[in-house]
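In: Predicted model and sequence below, questions to follow.
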Amino acid sequence: MANMLDYMVWRGDIPFSAVPWDAIDGLGCATISYLDFHGAGGSSGWTLEELNRIDAIQEGSTSSFAARKELFIKMAESTRFAETRMHHAIALTDHEIEMQFSAMCLDLPDGTTCIAFRGTDNTIVGWREDFNMAYQTRVPAQEAATLYLTRAAELSNRPLRLVGHSKGGNLAVYASACVSKKIQKRIESIWSYDGPGMNREMSQSEGFGRIREKIRSYIPQTSIIGLLMDYYEPYTVVHSEASGISQHDPMTWQIYGPRFETLETIDHTATVVRDTLHEWLQNSTPEQRADFVDTLFRLVHTTKATKMSDLTSEKLRSLLTMVGNRKEVNPETRRVFNRLMAQAVSLGFGNVIDLVRGRKDDDNSDGNDEWETMSPEKRIEMKTARAKETKEKPAETKPAEKEIPDGGKEEKNDRADP
């Protein structure tokens, strides 16, 4: 099946004047916002063709970097996007206020400006900010997005499109809901690709009500991120070739001709996780959710990790297990957490770090040359299947002792059964 790379090959020679902007164009812009470019922060900017010609992309280390770079190159070499001008690109990470924010302006050949907000990157602080959304009315990246949109709108009188994948989708919607009515009228559309929803205060605000009809939401069939909080309805379910959490990667989303390959509804796993998380949000206080997040990241900090790729899969699983055992986490939260952990294998969360790192695990290769050329998503799928098989078999060896990052003894598990 085809993905965005195939789409750019197939449609790259067709200008916007012949075929207008569509949802896949938006996902392409949202995806390249994860890349960092030398010289793209200036006010005059560079066209994508120029950025590609001078090789302006800063090298990245995550497994998704290569595919994103390849997508950018295809866009830069296409008739459709070559003359798109990128400017005012910004990337900020502040550990003190727990903020990770990045955005860029793309002046498209059709006379509009696309503002693309980046989702969560590889930093621990970026992931912490995501979790903070569970109990904070607003997080610093949302405030930064509102300010960025306000300033970007002052640069010209062009109509505006906003796009974002993952947290970037949330930032696009949040900023649109918070800017002035004058700017809101210039916004043609807001495209959220598996982006989390709004908290209740924002989803019921007048500002959100004014832009609600402009939101276009797309999620994969096993969406987890895109169904958090007050998510956006109606949404379009896109078929992903991956399984579990790996479907969050937009490069796995399937495309047929000029459109996404769609499904009628989300699958059973997504429904279970959605209902469980919403039950927790409804039955817990912001203080209880804050305690849970603080406990999790206090343990993460004991590992001295600054990036998600600094953690091994084993360390992450150990940390998650310990959080579920902590007495300071209230019983209701522990109960919900255990129910989610029961879904972890099928979702692929146990191997999420392997996907971020994009590195080979020696114990999975078995000397098979095929493993060397296999995509990270396929490796995750194979390892998830092995994890299921292992879980279903009776234990034959004594389990290894769990590592306690803070050097203390593991507390007795007094949680209720899920």
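Out: Cool, got the structure.

In: Residue ranges in the protein under the pLDDT threshold?
Out: Scanning the chain for pLDDT under 70 picks out the ranges 309, 312-317, 319-321, 323-328, 337, 340-418.

In: If we use 50, what do you get?
Out: 350-353, 355-369, 371-377, 379-380, 383-384, 387-388, 390-418 (pLDDT under 50).

In: Okay, the residue positioned nearest the centre of the chain and I224: tell me how far apart.
Out: Among the residues of the chain, S166 comes closest to the average C-alpha position under C-alpha atoms, centre = their mean, at 3.2 Å. Distance of S166 to I224, given as C-beta to C-beta, to the nearest Å: 11 Å. Quick note: C-beta positions are derived from backbone N, CA and C, even for glycine.

In: can you map out the strands along the stretch 201-350 of the chain?
Out: Counting by DSSP state E, counting those that start in this stretch, the stretch 201-350 of the chain has strands at residues 215-220, 235-238, 255-256, 259-260, 262-263.

In: would you list these in TSV and tack on distance to R85 and mean neighbour count?
Out: Formatted as TSV, the strands of the stretch 201-350 of the chain follow (distance: least, C-beta to C-beta, whole Å; neighbours: other C-beta atoms under 10 Å):
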stretch	distance to R85	mean neighbour count
strand 215-220	24	24
strand 235-238	29	20
strand 255-256	26	17
strand 259-260	27	18
strand 262-263	32	14
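
In: For C178, find the nearest of those.
Out: strand 215-220 (14.2 Å; C-beta to C-beta).

In: Run through who's touching that closest one.
Out: Defining contact as C-beta atoms under 8 Å, 6 or more residues apart in numbering, one finds that strand 215-220 is touched by 23, 26-27, 169, 173, 189-195, 226-227, 231-240, 242, 247-248, 252-253, 260, 266.

In: isn't the residue nearest to the centre of the chain right up against S192?
Out: No - the pair S166 / S192 is not scored as a contact, 9.2 Å apart, by C-beta atoms under 8 Å.

In: okay, and the common contacts of S166 and I224?
Out: H248.

In: returning to that earlier point: among the contacts of strand 215-220, name the buried ones.
Out: Using 16 or more other C-beta atoms under 10 Å as the burial test, the contacts of strand 215-220 include 23, 26-27, 169, 173, 189-195, 226-227, 231-232, 235, 237-240, 242, 247-248, 252-253, 260, 266 as buried.

In: show me what contacts I225?
Out: S166, D194, G195, P196, H248.

In: Could you report the distance from it to S180?
Out: 29 Å.
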